[in-house]
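> Curious how this folds, go ahead:
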Amino acid sequence: EFHVFVQTTPRLSPEDEELAQELAAKGFADMYTLRQRLQGVFPARLAQGSSARMAKLAQVLEQHKHPYRKIIPPAPTFTPEPLQDLSLSGSQVVLRCAAYTLRCNHEVRLLAVVSDISARIAERHLKRMLVRHTYGGGAQTPFDLEALEQEIFRLSPLVDIYQLNSDGNPEAGIRIIPGKFDHRQLGAAASLSRNKNLEALWHKIKNTCPDIRTHYGFGMGFMPDCTPETVSEVNAAYTHRGNLRALTHYAWLMAELDKEGKEAPGAGVTPKEAAPHQSNALASLLPLTPTISGASETQADSPAQKPSDKTAESQEAVSLPQAPDPTTLSGLKLHLSWQRLLPVVGSVIVIGISLVQVDIGDDLIQYLFSYGIAQISLAGLCFYFGTKYLLLKRRVEDTPTSKIRSMAMGMVEIQGHAKRIYALVSPISGIPCVYYKIKKYKRKRFRTNRRLLSAHGESQWSLVSVTSSSNVPFLIEDGTGSVEVKPEGADLKIRTSHSGSGARTQLPFCFSETHNDNERWQEEVIPAGSYVYILGFAHAHNEAPAQREVVRQALSQLKQNDEELKKFDMNGDGNIDITEWDQARQATEKKVLTRQLNEGFDSQNSSKVCITHPPQRSYPFLIAETESELHLTRKFTYYSGIFLAAGFALALWGLYAAGQILDLI
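Numbering: from 1, shown residues only. As a prediction, this is how the structure comes out:
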């Protein structure tokens, strides 16, 4: 499978718009996705597919003189070894690890990746792009590479150095981790900061190797196999390991893209002319005009392939339709739901009953805990949630995983890759997705306009609106077929999320609002292509209109056709009486039935299967972005165990308190 990478531009020009329109017309992607992948600073993958299909894409790029590379991404054969020792001299920097020694000087070919392993730099870069797009107007501002490098070294920097062989492939690699080397070797440049020491070492390496190929775009271009996740306190260890693997893939991919005229096996890329030298950090793709040659081009243009290619092109020519407007909940609609009202009503009832037994001047909270009422109420809530997660775990384990081709109607469990039906793009992060949810918060304040501080000294935020694409269906594919999923009412477990505050808050909600630091947002996204687990209710519904509706539409068209109506005017008075209209109606019904029979109409074939929320509200409807159900059942086991243990402890505490009051203990 071949991949085509293109050089993006900070702002799309009219020529880029024409290119996107032509690619969308040929069915390579929808306009929203194409615009996103053509816009930016760092290279991005435009498409992937067979050699013949990518040859057609390359021909369109050649016509528009847009730089690209058509390659097969290499699989890393080794990972960089951690740096153990180093020595500096005036002409070179010697880096040593357990396996080999790497000498950084002007005689060796080196490739470096300077990255923020926490992936926070990508969020900041996206924020700057959105602010520039909102407030910058049509002016193009130059990209400051030095500022980006300085910002990386202020976060969680990591530097990978690779030595390249004569073919441009990595043959050795060393990973420089802050605080993991002897900073005393830096001399006067050494400091007490680990990041500053790494930055000083990196500058010395750059000074000894002026021609080193450096890349700063890790996590900031559309590279699906090289995309890091933002490291948080909850998943720091797991995410950090995944980001290191993604960083290794990114370095090998950049080495492949940096090859000037060096073709990958079967890549079919031959540069016609070289262009002026550019900074490799900004453009690893040379602005060449490649040509597609070799067996792939011959196959694509052979007479035997033309009919099938034309059929495929006609099938792909239809772009994805625009997604329906998202649903937004705010005000009373957001908070008035039975899940939210049930604990509130229960608390009001418990407090109301307690007020009958206690004087108004007494401490109500102390009374509730002294009589065990509060403990028993909290224990009931814990038992409710613990039982809920336990039953959900049993439901997931007891429902067998089905293939879509052999899926039965009723409660089903399927797994596969999510695919878009509509051109749905998350409003803030701009990710092609099958589902997104945006929560908007506002800071709570006193009437005196002072901040309401919690016990931890942090401002409290209240949820004011939730915008989601729950009304937009999507497809799940598992290799045997595809099925439509309607996510409305589902319990979603989403791994990809972003959060922030300030100017980005205005984009998905209201462009006319002013900047307000007292607002923040959180975006949850299921990207297109993600591996998704579904537990829901499969049923078939008729996609074609009923026969009565078809007859009604045919009669409506008949009323508007004077020539056809004249055929039923038996007495020639120019009017259609009741008897003549009955004959017209019978003839129309017969005509519709005959047409359906000739077209092979079958009510079963006109129905399609979709997965929705079960009719029984007690049955679960679960959509989880996970690799297997084992991750889900493990979490459900933890949750149920914690809630049940807490409920048991609270129940014992409540019984002990009540027993003391009643002199039973």
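
> so how far is H125 from the residue most central in space within the chain?
The chain has P527 as the residue nearest its centroid, 2.6 Å off, counting by C-alpha atoms, centre = their mean. For P527, the distance to H125 (C-beta to C-beta, to the nearest Å) stands at 18 Å. All C-beta atoms are positioned from the backbone trio N, CA, C, and that covers glycine.

> again, but for N471
N471 is 32 Å from H125, by C-beta to C-beta.

> what does R548 give?
When R548 is compared with H125 (using C-beta to C-beta), they lie 57 Å apart.

> Can you point out the buried residues in the lengthiest helix in the chain?
Longest helix in the chain, counting residues (DSSP state H): helix 629-661. Neighbour-count burial for helix 629-661, with 16 or more other C-beta atoms under 10 Å as criterion, is recorded at 629, 632, 636, 639-640, 643-644, 646-647, 650-651, 653-655, 657-658.

> Next: stretch 464-479.
465-470, 472-476, 478.

> Please enumerate the strands of the stretch 301-450 of the chain.
Taking DSSP state E, counting those that start in this stretch as the criterion, the stretch 301-450 of the chain carries its strands at 327-330, 410-420, 433-443.

> thought the residue nearest to the centre of the chain was touching G430?
No. P527 is beyond contact range of G430, at 11.0 Å (criterion: C-beta atoms under 8 Å).

> okay, R548 and H125: which has more neighbours?
Just comparing R548 and H125: by other C-beta atoms under 10 Å the higher neighbour count belongs to H125, 21 against 10.

> doesn't F643 make contact with C382?
Yes. Between C382 and F643 there is a contact under C-beta under 8 Å: 4.7 Å.

> ok, A24 to G187 distance?
57 Å.

> roughly how far is stretch 77-90 from the heart of the chain?
35 Å (C-alpha atoms, centre = their mean, to the nearest Å).

> Could the C-alpha coordinates of it be exported in CSV?
Written as CSV, here are the backbone C-alpha positions of stretch 77-90 (Å, rounded to 0.1, in the frame of the first residue of the first chain):
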residue,chain,number,x,y,z
THR,A,77,14.4,-2.1,12.3
PHE,A,78,15.8,-0.6,15.6
THR,A,79,15.1,2.0,18.2
PRO,A,80,17.6,4.6,19.3
GLU,A,81,19.8,3.7,22.3
PRO,A,82,19.8,6.0,25.3
LEU,A,83,22.9,8.2,25.5
GLN,A,84,25.3,7.1,28.2
ASP,A,85,28.5,9.2,27.7
LEU,A,86,29.6,12.1,25.6
SER,A,87,32.8,14.1,24.9
LEU,A,88,33.1,17.5,23.2
SER,A,89,35.9,19.0,21.2
GLY,A,90,36.1,21.9,18.9
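
> Return the set of buried residues in it.
Buried residues in stretch 77-90 (16+ other C-beta under 10 Å): 80-81, 83, 86, 88.

> what sits up against it?
Contact partners of stretch 77-90, identified using C-beta atoms under 8 Å, 6 or more residues apart in numbering, comprise 93-100, 160-162, 170, 173-177, 180-182, 185-187, 201, 204, 244, 248, 251.

> Report the mean confidence score over it.
On average, the pLDDT along stretch 77-90 is 89.

> Please spell out the segments of the stretch 501-650 of the chain that come in under the pLDDT threshold.
Where the stretch 501-650 of the chain drops to pLDDT under 70, the residues are 501-517, 541-547, 596-607, 627-628, 631.

> where exactly do the strands run in it?
Going by DSSP E, counting those that start in this stretch, the stretch 501-650 of the chain shows strands at 519-527, 531-542, 607-612, 622-624.

> packing partners for the shortest one?
Contact here means 3 or more C-beta pairs under 8 Å, 6 or more residues apart in numbering; DSSP states H and E; on that basis strand 622-624 packs against strand 491-493, strand 531-542, helix 629-661.

> of all those, which lies closest to P67?
In terms of C-beta to C-beta, the element of the helices and strands packed on strand 622-624 nearest to P67 is strand 531-542, at 32.4 Å.

> which helices and strands sit right next to the closest one?
Using 3+ C-beta pairs under 8 Å, 6+ apart: strand 531-542 touches strand 410-420, strand 482-485, strand 607-612, strand 622-624.

> Next up, the contacts around I534.
412-415, 476, 485, 611, 622-623.

> rerun that using 6 Å as the cut-off
I534 is in contact with 414, 611, 623, counting by C-beta atoms under 6 Å, 6 or more residues apart in numbering.

> Also I212?
110, 112.

> before we move on, the earlier item: what about the buried residues of stretch 77-90, which are in strands?
Secondary structure assignment by DSSP state E places 81, 86, 88 of the buried residues of stretch 77-90 in strands.

> Check these against S330 and report the nearest one.
Using C-beta to C-beta, these come closest to S330 at E81, 53.8 Å.

> gap between the residue of the chain positioned farthest from its centre and Q586?
Largest separation from the mean C-alpha position in the chain: N571, at 68.3 Å (C-alpha atoms, centre = their mean). Remark: distance between N571 and Q586 (C-beta to C-beta) = 18 Å.

> Buried deepest among the strands of the stretch 301-450 of the chain, which one?
Most buried of the strands of the stretch 301-450 of the chain by mean neighbour count (mean count of other C-beta atoms under 10 Å) is strand 433-443; its value is a mean of 22.

> Give the partner strands of that strand in its sheet and their orientations.
Its sheet considered, strand 433-443 pairs with strand 461-468 (antiparallel), strand 519-527 (antiparallel) by DSSP bridges.

> Just the CA coordinates for it, please, in CSV.
Provided in CSV are the C-alpha atoms of strand 433-443 (Å, rounded to 0.1, in the frame of the first residue of the first chain):
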residue,chain,number,x,y,z
CYS,A,433,-14.0,12.1,13.0
VAL,A,434,-17.2,10.0,13.4
TYR,A,435,-18.2,11.7,16.7
TYR,A,436,-17.3,14.7,18.8
LYS,A,437,-18.6,16.3,22.0
ILE,A,438,-17.7,19.8,23.2
LYS,A,439,-18.4,20.9,26.8
LYS,A,440,-18.4,24.6,27.6
TYR,A,441,-17.8,25.8,31.1
LYS,A,442,-18.0,29.1,32.9
ARG,A,443,-16.3,30.3,36.1
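
> Need the contact partners of it.
Contacts of strand 433-443 (C-beta under 6 Å, 6+ apart): 418, 420, 424, 426, 459, 461-469, 474, 487, 508, 518-528.

> Let me see the ranges of the strands in the stretch 101-250 of the chain.
101-104, 110-116, 157-164, 170-176, 213-215.

> Which among these is found nearest to H3?
strand 213-215 (17.2 Å).

> And the buried ones among the contacts of stretch 77-90, selectable in PyMOL?
Selection of the buried residues among those in PyMOL, burial being defined by 16+ other C-beta under 10 Å:
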select buried, resi 93+94+95+96+97+160+161+162+170+173+174+175+176+181+185+186+201+204+244+248+251
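
> dump the residue contacts of E397.
If you count contacts by C-beta under 6 Å, 6+ apart, E397 has them with T633.

> Next one, pLDDT for it please.
76.

> just E199 next, same as before
For E199, pLDDT reads 92.

> gap between G217 and N169?
Counting by C-beta to C-beta - G217 and N169 are separated by 20 Å.

> And these two? Which one has more around it.
Legend: neighbour count by other C-beta under 10 Å for G217 and N169, higher for G217 (25 against 15).

> How about the more buried one, nearest residue that isn't a chain neighbour?
Excluding its sequence neighbours, the residue lying closest to G217 (C-beta to C-beta, 6 or more residues apart in numbering) is F42, at 3.3 Å.
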